[in-house]
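J.: Can you look at this prediction? I've put the sequence above it.
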Amino acid sequence: MNRVDINIFAARQAGCGCSCAKSCKATRTIMDDIQDLKNAIKEEGLVDKVASMKFINIFSPALEKYPQIFKLMSDETTQAPIVAFGEAVVTEGNVDIGQIINELKEI
């Protein structure tokens with residue numbers, strides 16, 4: 001069975017996890033979205049398709065380990081948060097749980 005590494009690239013700050021910095025008025029955090037994603041994966045019985053799930057702060061040096069995502073963020077063509085299977089972008093601008101679940105089901 002194929003398994004994927006789910007990587008969530010976002011800012012670790014209060015707000016939505018997007019790149020809007022302190023101007024964001026959202027009450028949820030990216031960590032809330034990640035927990036909801038974990039719960040949805042369990043509820044759908046897809047845990048066996050996930051090798052790992054990692055949060056990568058887009059403002060940390062760790063982003064450089066993901067050259068394709070680093071390039072997207074550097075070019076400012078993509079909005080955080082980005083959810084990727086490895087470095088293959090699944091969603092951008094939000095954690096779209098429905099889309100992520102659908103992609104996992106196709107694996």
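T.: That came through, no problem.
J.: contacts, neighbours, all on C-alpha from now
T.: OK.
J.: May I see the buried residues of the lowest-mean-pLDDT helix or strand in the chain?
T.: Every helix and strand of the chain was ranked by mean pLDDT, DSSP states H and E. The lowest is helix 67-75, at a mean of 90. Burial within helix 67-75, assessed by neighbour count using 16 or more other CA atoms under 10 Å, is assigned to 69, 70, 73.
J.: show me the contacts for residue 2.
T.: 49, 107 (CA atoms under 8 Å, 6 or more residues apart in numbering).
J.: Please apply the same query to the one 3 residues further on.
T.: Neighbouring residues of residue 5 by CA under 8 Å, 6+ apart: 50, 51, 52, 53, 54, 85, 86.
J.: picking up where we left off before, closest one of the buried residues of helix 67-75 to residue 29?
T.: Each of the buried residues of helix 67-75 was scored against residue 29 by CA to CA, and residue 73 proved nearest at 19.8 Å.
J.: Roughly how far does the residue nearest to that closest one when sequence neighbours are not counted sit from residue 92?
T.: Excluding its sequence neighbours, the residue lying closest to residue 73 (CA to CA, 6 or more residues apart in numbering) is residue 79, at 7.5 Å. For residue 79, the distance to residue 92 (CA to CA, to the nearest Å) stands at 6 Å.
J.: For stretch 67-77, which outside residues touch it?
T.: With contacts defined as CA under 8 Å, 6+ apart, stretch 67-77 is touched by 63, 64, 78, 79, 87.
J.: re the thing from before, let's have the buried residues of helix 67-75 in a markdown table, adding distance to residue 5.
T.: Below are these laid out as a markdown table (distance: CA to CA, whole Å):
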| residue | distance to residue 5 |
| --- | --- |
| 69 | 14 |
| 70 | 17 |
| 73 | 20 |
